[in-house]
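1. Output the structure for:
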Amino acid sequence: MILVLILGILLILLFTGMPIFAALMLYGATLLLLVQGSLGPVMDIVFHEINRYLLVAVALFGFMANLMIKGRIVDDLYDAAYTFTRHLPGGLAVATIIACSVFAAISGSSVATALTVGAVAIPQMLRFGYDPRLAYGVVAAGGTLGILIPPSSPMILYGVTTDTSIGRLFMAGIGPGVAMVLLFVAWAVIRGMLDSTTQRPKRASLREMAEALRKSIWAVLLPIIVLSGMYLGIFTATEAAAVGAWLSLMVTVVIYRTVGWREVWESSIESVKLSAMLFLILAGATVFSHVLIKMRIPQQIVETLVAADVGALGFVLVMMLLILILGMFLESIAIILITTPIILPAMLHLGIDPIWYGVLLVINLEVAMITPPVGMNLFTLQALSQAPLATIIRGALPYVLLMVAMLGVILLFPGLALWLPNRVFGQ
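-> Below you'll find the predicted structure:
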């Protein structure tokens, strides 16, 4: 009951428009003063939490994403996907999903993926007579893949919070990520078959395919080089981010020559701003979780679960429902940093694999990206296209159902997420 009251007050503060980091920091500090009469070593705790080598990867992957966006690499990537799939029913939608999945692996950002691919894909689909709901929905949903297909900033923050291997988390996201792409592609093809008004260009020749692949080769190779180097043990997650940033610099400045030093400077500034925002939220969440531990809230949750005997599956089902509701109102990063420290002791007590739970959490957060009232991808596309928000929401709804179905599959079959990391890293 105390936890419900505490979280209720926090939600009220967030709904007032107060920045997330400020609400967490000030509310947590106020509670701490009430509980122990002083702030104590809270600043030391915050510094210890933020002073982690692994968090450098967030800034470096952000820099890599900004460079690739400014370098317009997505144009060649989308052209290649379109060349290979244009003859299929719903071929442009299929190309959009493929481009989103590859760009998501480069940028690790859902909003950046929806914005960048959408700017290229939406006008094309509308020009070829696609239903606007399909055009907006496929970009909104394709963009969500940014936080599931590695590298992923939410996965890094979850790994830091739970002290879980980032490499295992990244590897665990690949299987569900590929399955999600195939689900989206299947739906796009079915919609294309049902819609007779869309135009279907003729199949590309082998020469056209080879030329499109040649032009997009660096966009395809970049995530492969970064992730395979990390999985093969050549470098750590942070070093992988540094390699990705360096390669993106070489590709955009030297090979493509679409980025100058001004754009490099702007990318650096934007990456610093993003990192500062994430670290401030992390600092606030650290203060908030510290006071909850002082109040023995996590221990009480464990004791309640033991008494209720809900079991591991029941606990995960309750958490997925709670996160689905929270995702309608809060940003993904805030949900991870608020909920994870509270439930971690209960997860460990019930023997829940944190890798498996992390994948379920990220898929749930994907749903939140295209669920009103705070679906970031929905508002991103609305700002990009100036289309009615209701049209974008209706277009995204089938993909929400597909993601919920995928969530159920991984709940019932954890091996879909755990087989690959266990195979590569061992049990």
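
2. got the contact list for the most centrally placed residue in the chain?
-> Nearest to the mean C-alpha position of the chain, by C-alpha atoms, centre = their mean, lies Ile147 at 1.6 Å. Counting by C-beta atoms under 8 Å, 6 or more residues apart in numbering, Ile147 touches 108-110, 153-155, 332, 362, 365-366, 369. Backbone N, C-alpha and C define where each C-beta goes, glycine included.

3. Looking at the residues you listed, which one is closest to Phe170?
-> Using C-beta to C-beta, Met155 comes nearest to Phe170 of the contacts of Ile147, at 6.5 Å.

4. Quick check: closest non-adjacent residue to the closest one.
-> Leaving aside its chain neighbours, Met155 sits nearest to Leu169 (4.7 Å; criterion: C-beta to C-beta, 6 or more residues apart in numbering).

5. so the one you found touches Tyr158, yeah?
-> Yes - using C-beta atoms under 8 Å, Leu169 is in contact with Tyr158, at 6.9 Å.

6. Mind listing the shared neighbours of these two?
-> Common contacts of Leu169 and Tyr158 (C-beta under 8 Å, 6+ apart): Gly358.

7. for this protein, where's the lowest mean pLDDT among helices and strands?
-> Least confident helix or strand of the chain, by mean pLDDT, DSSP states H and E, is helix 297-308 with a mean of 72.

8. packing partners for it?
-> helix 2-15, helix 332-350 (3 or more C-beta pairs under 8 Å, 6 or more residues apart in numbering; DSSP states H and E).

9. Take the last one, keep the C-alpha atoms, and write them as CSV.
-> Output of helix 332-350 as CSV, limited to C-alpha atoms (Å, rounded to 0.1, in the frame of the first residue of the first chain):
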residue,chain,number,x,y,z
SER,A,332,10.9,4.1,-21.7
ILE,A,333,14.0,5.1,-19.8
ALA,A,334,12.0,6.4,-16.8
ILE,A,335,10.1,3.1,-16.6
ILE,A,336,13.3,1.0,-16.6
LEU,A,337,15.0,3.1,-14.0
ILE,A,338,12.0,3.4,-11.7
THR,A,339,10.7,-0.1,-11.7
THR,A,340,13.9,-2.3,-12.1
PRO,A,341,15.7,-1.5,-8.8
ILE,A,342,12.4,-2.1,-6.9
ILE,A,343,11.6,-5.5,-8.3
LEU,A,344,15.2,-6.8,-8.8
PRO,A,345,15.3,-8.6,-5.3
ALA,A,346,11.9,-10.2,-6.0
MET,A,347,13.1,-11.4,-9.5
LEU,A,348,16.3,-12.9,-8.0
HIS,A,349,14.3,-14.6,-5.2
LEU,A,350,11.9,-16.1,-7.7
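
10. Determine the angle, from 0 to 180 degrees, between that helix and helix 2-15.
-> Helix 332-350 and helix 2-15 meet at an angle of 170 degrees, taking axes from the mean of the first three to the mean of the last three C-alpha atoms, to 10 degrees as the criterion.

11. Can you list the buried residues in helix 332-350?
-> 332-344, 346-347, 349-350 (16 or more other C-beta atoms under 10 Å).

12. Quick check: the residue nearest to Met155 vs Ser248, distance?
-> 22 Å (C-beta to C-beta, to the nearest Å).

13. same deal with Tyr136?
-> Tyr136 is 28 Å from Ser248, by C-beta to C-beta.

14. Spatially, which two of the contacts of Ile147 are the most separated?
-> Those two in the contacts of Ile147 that are separated most widely, counting by C-beta to C-beta, are Met155 and Met369, at 14.5 Å.

15. what sits against Gly40?
-> Taking C-beta under 8 Å, 6+ apart, one finds Leu32 in contact with Gly40.

16. Quick one: low-confidence residue ranges for this structure.
-> For the chain, applying pLDDT under 70 flags the ranges 1, 3, 196-199, 302, 305-306, 329, 373-374, 427.

17. Was I right to think Thr236 contacts Met230?
-> Yes - using C-beta under 8 Å, Thr236 is in contact with Met230, at 7.0 Å.
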